[in-house]
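Colleague: just to be clear, the model below is a prediction. Sequence and coordinates:
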Amino acid sequence: MSPMFVPGPVDVAAEVLAAQTRPMLPHRSKEFEAIFQRASDKSRQLFYTQYRVFLITASGSGLHEAAVRNFARRTVLSCVNGAFADRWYQTAVANGKSTDKLETPWNHPITPEVVFDALQKRHYEVLTVVHNETSTGLQNPIREIAAAAREASPSTLICVDAVSSLGGVKIEMDAWGLDMLLTSSQKCLALPPGLALAAVSDRAMTYAQAVPDRGWYFDLVLMEKHRLKDSTPATPAISLIYALDLQLERIFAEGLEQRFARHSAMAQRVQSWALDFGLDLYVPPGSRSQTVTTIDNKLEIDLAELNKFLLEQDMRIANGYGPLKDKTFRIAHMGETQMRDIERLLAAMEKFLGKK
Ligand SMILES: Cc1ncc(COP(=O)(O)O)c(C=O)c1O
């Protein structure tokens, strides 16, 4: 494995890659349905939910669309403090929903107070919020936001993007009162891209039944009918389901709490390394991501040169995202990455920076 410290797609363990090479099964066969059911059932532990988990052949963005199409006849409140949150807002607008943006600067968390105020001013069917903003390395306080939303507007459905955190950070869907919690395969789950997973509450499923024009591919009511028969309306990415089935076993063998602690320790190490090195972190303390760290490029490091140097040693990091390109750079610490990989990266970075 050549460690990729980029926030997805991340490295995939060789045995998980190999699981994809198993022969195909017809998706409407008993053999495949058994694997599908097992993978979907086991996934509920990752989401800390008693509700259903949909396994959908799409990338995570597809589920941004699913959320607004299934749960909003009209009104959406979109919390935006980063590029992926903004994509969700754009998706709601592109689907014709009456969407308000609740915006804060990209290096500030969305606070429960602003959500509470916005939901008191106007009724929204859906609230969208990103847990871990990969573009900035900021983690929003979802538990507190969800509590505030429930208090201000009990019927609003709370939809959370955990694309770059689920499986690396503990997010308790049921205990926190979330209605939809979505993720993609290629981040903390350390699978190849192409699979999106979403846990959905019963009340959200009931609401969806009365929402018109849900579309077809991401119609969760249709998907639920098939899911109850351990199947999907369209052909699923069978190889990815094989890989998920195995990867969940590997994740549980590590232990969820241990996995979260590993992510947190790596985040701590990278963040204190940067500060000790005299670099600044883009996100203030208290809101820093456990899975990806964004560092201000105040030394004006030539990031292309840095990556060239790192690639000679089979490593790479990520440039800043969108408007933060070259002004920041990002080090991901998620999925299969271990502390020893982080140490190797930091040593190489020190060597490069020392050369300058
Ligand atoms: C927080 C977040 N949300 C959504 C997405 C979009 O996910 P996908 O690329 O799987 O469509 C990404 C991708 O990086 C992301 O980081």
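Modeller: Here it is on my side, so go on. Residues are numbered from 1 along each chain as shown.

Colleague: show me what counts as buried in the host helix or strand of Gly354.
Modeller: Gly354 belongs to helix 339-355 when assigned by DSSP states H and E. For helix 339-355, the neighbour count (16 or more other C-beta atoms under 10 Å) marks Asp341, Ile342, Leu345, Leu346, Ala348, Met349, Phe352 as buried. Where C-beta positions appear, they are placed from N, C-alpha and C, glycine not excepted.

Colleague: the second one and Ala58, how far apart?
Modeller: Noted for Ile342: a distance of 31 Å to Ala58, by C-beta to C-beta, to the nearest Å.

Colleague: one step back: can you tell me which helices and strands the helix holding Gly354 packs against?
Modeller: helix 256-276, helix 303-311 (3 or more C-beta pairs under 8 Å, 6 or more residues apart in numbering; DSSP states H and E).

Colleague: tilt between the last one and helix 339-355?
Modeller: The reference is to helix 303-311. 130 degrees (axes from the mean of the first three to the mean of the last three C-alpha atoms, to 10 degrees).

Colleague: quick one: is the next helix or strand along the chain from helix 303-311 near the ligand?
Modeller: Proceeding N to C from helix 303-311, the next assigned helix or strand is strand 316-319, under DSSP H and E. No: counting by C-beta under 6 Å from any ligand atom, the ligand is not contacted by strand 316-319; separation bottoms out at 10.3 Å.

Colleague: give me the contact list for strand 316-319.
Modeller: By C-beta atoms under 8 Å, 6 or more residues apart in numbering, the residues outside strand 316-319 that reach it are 4-7, 303, 306-307, 310, 325-326, 329-332, 345.

Colleague: three-state assignment of the residue nearest to Ala58 when sequence neighbours are not counted?
Modeller: Leaving out its chain neighbours, the residue that sits closest to Ala58 by C-beta to C-beta, 6 or more residues apart in numbering is Ala196, at 4.7 Å. Secondary structure for Ala196, judged by DSSP: H, G, I helix; E, B strand; the rest coil, is strand.

Colleague: what sits opposite Ala196 in the beta ladder?
Modeller: Judged by DSSP bridges, the bridge partners of Ala196 are Ile56, Ser184.

Colleague: what sits against it?
Modeller: Contacts of Ala196 by C-beta under 8 Å, 6+ apart are Leu55, Ile56, Thr57, Ala58, Ser59, Gly60, Gly62, Leu63, Leu182, Thr183, Ser184, Ser185.

Colleague: count of neighbours near the closest residue to Ile238 other than its chain neighbours?
Modeller: Spatial nearest neighbour of Ile238, chain neighbours left out: Met24 (5.7 Å); criterion: C-beta to C-beta, 6+ apart. Burial of Met24 is recorded as 10 neighbouring residues (other C-beta atoms under 10 Å).

Colleague: before we move on, back to that, out of the buried residues of helix 339-355, the closest to Ala267 would be?
Modeller: Nearest to Ala267 out of the buried residues of helix 339-355 is Ile342 (C-beta to C-beta; 9.5 Å).

Colleague: which residues in the protein form helices?
Modeller: 14-19, 30-47, 60-71, 83-94, 112-121, 142-152, 202-209, 220-227, 238-254, 256-276, 303-311, 339-355 (DSSP state H).

Colleague: JSON lines please, covering the ones you listed and showing mean pLDDT and distance to Ser289.
Modeller: Output for those, formatted as JSON lines (pLDDT from 0 to 100; distance: least, C-beta to C-beta, whole Å):
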{"stretch": "helix 14-19", "mean pLDDT": "98", "distance to Ser289": "24"}
{"stretch": "helix 30-47", "mean pLDDT": "98", "distance to Ser289": "18"}
{"stretch": "helix 60-71", "mean pLDDT": "98", "distance to Ser289": "16"}
{"stretch": "helix 83-94", "mean pLDDT": "98", "distance to Ser289": "12"}
{"stretch": "helix 112-121", "mean pLDDT": "98", "distance to Ser289": "19"}
{"stretch": "helix 142-152", "mean pLDDT": "98", "distance to Ser289": "13"}
{"stretch": "helix 202-209", "mean pLDDT": "98", "distance to Ser289": "26"}
{"stretch": "helix 220-227", "mean pLDDT": "98", "distance to Ser289": "28"}
{"stretch": "helix 238-254", "mean pLDDT": "98", "distance to Ser289": "19"}
{"stretch": "helix 256-276", "mean pLDDT": "98", "distance to Ser289": "7"}
{"stretch": "helix 303-311", "mean pLDDT": "96", "distance to Ser289": "19"}
{"stretch": "helix 339-355", "mean pLDDT": "94", "distance to Ser289": "15"}
